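# Give me a model of this one.
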Amino acid sequence: MVKNLERVRQRIVLALFASQSLLSAAMIAAFTLTPVIAADLGGGERAAGVPSTLNLLGRAAVAYPMGWLMDRAGRRPGLAMGYLLGALGAAVSALAVTQGLFPLFLVGAGLIGAARGSAEQSRFIAAEVQTPDRQARVMGLIVFAGTIGAVGGPLLVDPSGRLVGRLGLAEMAGPFVAAAALILLAFLTTVIWLRPDPRDVSRTMALAERPAATDATVRSKLSLRILFRGARVQLAVGAMLIGQLTMTALMVITPLHMAHHNHETGAIAWVIMAHTLGMFGLSSATGWLIDRFGRISMVVAGTALLLTASVLAPVSTSLATIALALFILGLGWNFCFIAGSSLLSDQLGSEERGRAQGASEVLVALASGVGSLGTGVLFEYRGITAVGLLGVALAVVLLGLVARVVWPRRAEVVHEPPLSL
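Residues are numbered from 1 along each chain as shown. Purely as a prediction, here's the structure:
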C-alpha cells in the first residue's frame, strides 16, 4: 500500500491544480491577441479564426494518443509530453510573430492545442486517486483552476509585450513568450511533484480493495467499442458532449445577438464575464453537490439549466437578462461537465481510463468545433431563436439518455455497477 496515502493525494491534486492554472493562464494570454495577429499575418479578417480552428484540431488529434500513452507509460509522462508540445508551440508562435510567418503561426497554434488535449485529462487523474465520495469535489477543484487563467492570463499581455519590446522583439510576441515560460513551469511542476504516478496509486488502491485480486485481474481488457456500449458511459459522454455543444453554440453567437440590439462592447464584456463565472467560478461547490446528491441527479439539474438558458437567451434583449441567461448557460455546462466526468470515471478501471477519457475528450473537442462553426450558419438564416431551439432539442436528447439509465429496458448492463443516484 502507498505510504502516507492522504499526503500523496494532496500532493497530486496540488500539482495538477498548479499545472492546470499555469496552462490556463498561458493559453488565455496567448490567444488574447491571436485573432488580431492572424488577421495581420493572414492578409485579412477572414483569417482571424483559422488559428483557433488549428488549436481545436490539435486538441482533438492528441487527446486519444495521449490517453493511450497514459495507460501504457503512466499519467506523468503523458501530461509532461503534452506540456512540452505546448511550450514548443508558444515558442514557435513567438518566432512566427517576430518573422511575420503565418503558416508557422498556425503550426504553433496546433501545438498549443495539443497541450490542452493532454491536460484536459487532469481532472480524471485527480479523481482516480480519491475515494468515490470525494471524486467529484476534486474534479470541480481542477476545473476551477481555469478561473485563475481567466483572470491572470489577460493581465500578462501588456507587461510581456513591453518586456520583449525592450529586447528588440515584436511586442505582440510577448504573450507567446510568457505562455512558453508558464507552460514550461507546468511541465516542471508535473515532472517534480506528480509523484508517485497517479496510475500506480490507483492500481494499488484497487488491489487493496480486492486483496485476492492480482494485477492481471485488476487490469481491464475491454475495448472502447464495448466500453461505449454501456448506458452509463453513453450518458457520461453525452452529458459532456451535449453540454459543450449547447454552451458553445449559444455563447459564440451572443455577442452578435447583443450587437444587433445596440449593446456596446463594454456590455458584451460584462455578459461574457458572467458566463465565465457560471462556467468556472462555482466548480468547487458543484463537486460538493455532485458528491452529495449523485452524478445523475446533477446531470438532470445541468440539463434543466441548459434548457432554461436555451429558452431565455433568444428572448432576452436587456443587459441584465442576457447576463442572467449566459450565467445559467455556463452553470449548466459546469454541472454537466463535472457530473459527466465523474460518472465516466466511475465506470473505468485503471488500465482503460486513459484510452476512454482520451476518446471522450476528442468528442468534446469536436463538439466545441461544431458548435462554433454551425451556430453562425443557424444565426444567419434563422436567427438566435434557431440556436435556442437547437439547445432545447439537445437537452431533450440528454434527458433521453438519463431515462435509459434510470429506467433500463433490460437488466443486463455492460460493465456497470448498480444504479445509484
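# I'd like the secondary structure assignment at residue 349, please.
coil (DSSP: H, G, I helix; E, B strand; the rest coil).
# ok, it touching residue 206?
Yes. Between residue 349 and residue 206 there is a contact under CB atoms under 8 Å: 7.3 Å. (C-beta placed from N, C-alpha, C; glycine too.)
# what's in contact with stretch 61-80?
19, 81-82, 85, 113-114, 117-122, 125, 187, 190-191, 194-195, 197-200, 351-359, 361-362, 365 (CB atoms under 8 Å, 6 or more residues apart in numbering).
# Now the buried members of those residues.
Neighbour counting with 16 or more other CB atoms under 10 Å marks 19, 81-82, 85, 113-114, 117-122, 125, 187, 190-191, 194, 197-200, 351-359, 361-362, 365 as buried within the contacts of stretch 61-80.
# which ones among those are found in helices?
Under the assignment DSSP state H, these contribute 19, 81-82, 85, 113-114, 117-119, 122, 125, 187, 190-191, 198-200, 353-359, 361-362, 365 to helices.
# Run a quick neighbour tally on residue 380.
Number of residues near residue 380 (other CB atoms under 10 Å) recorded here: 11.
# Number the chain from 369, please
Sounds good: first residue 369 from here, last item residue 748.
# tell me the phi and psi of it?
Dihedral angles of residue 748 (phi, psi; degrees, to the nearest 10) stand at phi -60, psi -40.
# and what of residue 751?
The phi/psi pair for residue 751 (degrees, to the nearest 10) is phi 80, psi -180.
# Let me see the contact set for it.
Counting by CB under 8 Å, 6+ apart, residue 751 makes contact with residue 682.
# Make sure residue 732 is actually in contact with residue 607.
No. Residue 732 is beyond contact range of residue 607, at 10.3 Å (criterion: CB under 8 Å).
# So which of those two has more stuff around it?
In this view residue 732 and residue 607 are compared by other CB under 10 Å, and residue 607 has more residues nearby, 32 against 24.
# So what's the residue count around the residue lying closest to residue 601 once chain neighbours are set aside?
Leaving aside its chain neighbours, residue 601 sits nearest to residue 715 (5.2 Å; criterion: CB to CB, 6 or more residues apart in numbering). Neighbourhood size, residue 715 [other CB under 10 Å]: 20.
# For residue 628, see how far away residue 715 is.
Separation of residue 715 from residue 628 (CB to CB, to the nearest Å): 44 Å.
# Could you do residue 535 as well?
Separation of residue 535 from residue 628 (CB to CB) stands at 44 Å.
# who's more crowded, those two?
Neighbour count, other CB under 10 Å: between residue 535 and residue 628, residue 628 has more, with 12 against 9.
# Low-confidence regions, the stretch 419-568 of the chain specifically.
518 (pLDDT under 70).
# One more: the stretch 619-768 of the chain?
633, 637, 718-720, 739-741, 743-744.
# the helices in it, which residues?
In the stretch 619-768 of the chain, the helices defined using DSSP state H, counting those that start in this stretch lie at 633-644, 651-661, 663-683, 687-714, 721-750, 752-774.
# hey, which of the ones you listed is tucked in deepest?
Of these, the one with the most neighbours on average (mean count of other CB atoms under 10 Å) is helix 687-714, at a mean of 25.
# now the angle between helix 721-750 and it, please.
Using axes from the mean of the first three to the mean of the last three CA atoms, to 10 degrees, the inter-axis angle of helix 687-714 relative to helix 721-750 is 150 degrees.
# Show me what the strand or helix carrying residue 576 is packed against.
Element membership for residue 576, per DSSP states H and E: helix 566-577. The contact analysis (3 or more CB pairs under 8 Å, 6 or more residues apart in numbering; DSSP states H and E) places helix 566-577 against helix 373-400, helix 443-467, helix 490-496, helix 583-586, helix 721-750.
# In that helix, which residues are buried?
566, 567, 568, 569, 570, 571, 572, 573, 574, 575.
# Pipe those into TSV and attach distance to residue 664 per row.
As requested, these are exported to TSV (distance: CB to CB, whole Å):
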residue	distance to residue 664
566	26
567	27
568	30
569	27
570	23
571	27
572	29
573	24
574	24
575	29
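# Please tell me how far residue 675 sits from residue 607.
Using CB to CB, residue 675 is found at 13 Å from residue 607.
# what's the answer for residue 624, then?
28 Å.
# now residue 462
Distance from residue 462 to residue 607, counting by CB to CB: 38 Å.
# And for residue 403?
Distance of residue 403 to residue 607, computed by CB to CB: 31 Å.
# What of residue 626?
28 Å.
# Who are the contact partners of the most centrally placed residue in the chain?
The residue lying closest to the centre of the chain (CA atoms, centre = their mean) is residue 488, at 5.3 Å. The neighbourhood of residue 488, defined by CB under 8 Å, 6+ apart, consists of 427, 431, 729, 732.
# could you dump these to CSV with distance to residue 765?
Converted to CSV, the contacts of residue 488 look like this (distance: CB to CB, whole Å):
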residue, distance to residue 765
427, 24
431, 23
729, 20
732, 16
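# which among the residues you listed gets closest to residue 691?
Residue 691 lies nearest to residue 732 out of the contacts of residue 488, by CB to CB, at 25.6 Å.
# List the residues that contact residue 396.
Residues near residue 396 by CB under 8 Å, 6+ apart: 517, 518, 520, 521, 522.
# hang on, isn't the third one packed against residue 394?
No. When contacts are counted by CB under 8 Å, residue 520 is not listed as touching residue 394 (9.5 Å).
# out of those two, which sits in the busier spot?
Taking other CB under 10 Å, residue 520 and residue 394 do not tie; residue 394 has more neighbours (32 against 17).
# Strands along the stretch 469-618 of the chain, start to end?
With strands called from DSSP state E, counting those that start in this stretch, the stretch 469-618 of the chain shows none.
# Right, I'll leave it there.
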